[in-house]
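1. What shape does this take:
(chains A and B)
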Amino acid sequence: NAGVTQTPKFQVLKTGQSMTLQCAQDMNHEYMSWYRQDPGMGLRLIHYSVGAGITDQGEVPNGYNVSRSTTEDFPLRLLSAAPSQTSVYFCASSRKGLGGETQYFGPGTRLLVL
Amino acid sequence: QQQVKQSPQSLIVQKGGIPIINCAYENTAFDYFPWYQQFPGKGPALLIAIRPDVSEKKEGRFTISFNKSAKQFSLHIMDSQPGDSATYFCAASYQGAQKLVFGQGTRLTINP
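-> From the prediction side, this is the model:
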């Protein structure tokens, strides 16, 4: 199993550009989520999904869109990048449950917005 | 509004020492408290977790202590090794939910 994979590893964008961060998992997990990690702020939840066709907002959703057309993939879209979106982005997945399920994180995408 | 507060931000300990990282929470609806370990350039990985019905959980050299009345929990690393040098995050999730709320993180350095 590859686990959770993310592409690209690193990306530089100019303000106003759009891009999609890819996330895929091969563990047949229903629950997937996106976090951003900033110094001194831990990881903050952007969006999450409890299954194909179902998504919801997390703590910091503004400026990001998601969709979930398959169980395996959960892309994160930046519609118009801003310098405030410079961060490291992590995708995670877990079995669907009532809480307490181990979440498995990908290796991250480092994004720099100029 | 930081729902889970973690301290210290950074910690340096000599090999064999016992680093202690503390977290505090406000919301009594939290019922699952994991700790994640992150090495540079990698994603976080689950280290150990606890539910509020027990006061302590131990896995190898890692121990979580939980104080429900004080709404605090902490991670202790016994016989610390240079390989334990990493960033540690505490987290919490609500009853019946899988969304995690993370603390700010602690960068731990174990000197040889």
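2. Get me the contact residues on chain B for chain A.
-> Proximity of chain B to chain A (C-beta under 8 Å from any C-beta of the partner chain) is limited to residues B:4, B:6, B:9, B:31-32, B:36, B:41-46, B:49, B:51, B:89, B:93-105. No exception for glycine: its C-beta is placed from N, CA and C like everyone else's.
3. B:Gly83 should be in a helix, yeah?
-> Yes: B:Gly83: assigned to a helix according to DSSP: H, G, I helix; E, B strand; the rest coil.
4. The top strand by length along chain A packs against which elements?
-> Ranked by residue count, the top strand of chain A under DSSP state E comes out as strand A:42-51. The contact analysis (3 or more C-beta pairs under 8 Å, 6 or more residues apart in numbering or on different chains; DSSP states H and E) places strand A:42-51 against strand A:31-38, strand A:54-57, strand A:64-66, strand B:100-102.
5. Which neighbours in the sheet does that strand have, and how are they oriented?
-> Sheet pairing of strand A:42-51 (DSSP bridges) gives strand A:31-38 (antiparallel), strand A:54-57 (antiparallel).
6. Extract the C-alpha trace of it and format it as PDB.
-> Included here for strand A:42-51 are C-alpha records, laid out as PDB according to Å, rounded to 0.1, in the frame of the first residue of the first chain:
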ATOM      1  CA  GLY A  42      -0.400  23.700  14.600                       C
ATOM      2  CA  LEU A  43      -2.500  22.100  11.900                       C
ATOM      3  CA  ARG A  44      -5.800  23.700  11.100                       C
ATOM      4  CA  LEU A  45      -8.700  21.900   9.300                       C
ATOM      5  CA  ILE A  46      -9.600  23.300   5.900                       C
ATOM      6  CA  HIS A  47     -12.200  20.900   4.500                       C
ATOM      7  CA  TYR A  48     -13.200  17.300   5.100                       C
ATOM      8  CA  SER A  49     -15.300  14.600   3.500                       C
ATOM      9  CA  VAL A  50     -17.000  11.600   5.000                       C
ATOM     10  CA  GLY A  51     -17.500   9.800   1.600                       C
END
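7. got a list of what the closest residue to B:Asp31 other than its chain neighbours touches?
-> Spatial nearest neighbour of B:Asp31, excluding adjacent residues (C-beta to C-beta, 6 or more residues apart in numbering or on different chains): B:Gln95 at 4.6 Å. B:Gln95 makes contact with A:Leu98, A:Gly99, B:Ala29, B:Phe30, B:Asp31, according to C-beta atoms under 8 Å, 6 or more residues apart in numbering or on different chains.
8. now do 7 Å
-> A:Gly99, B:Ala29, B:Asp31 (C-beta atoms under 7 Å, 6 or more residues apart in numbering or on different chains).
9. Chain A versus the second one, what's the distance?
-> Using C-beta to the nearest C-beta, to the nearest Å, one gets 11 Å for the distance from B:Ala29 to chain A.
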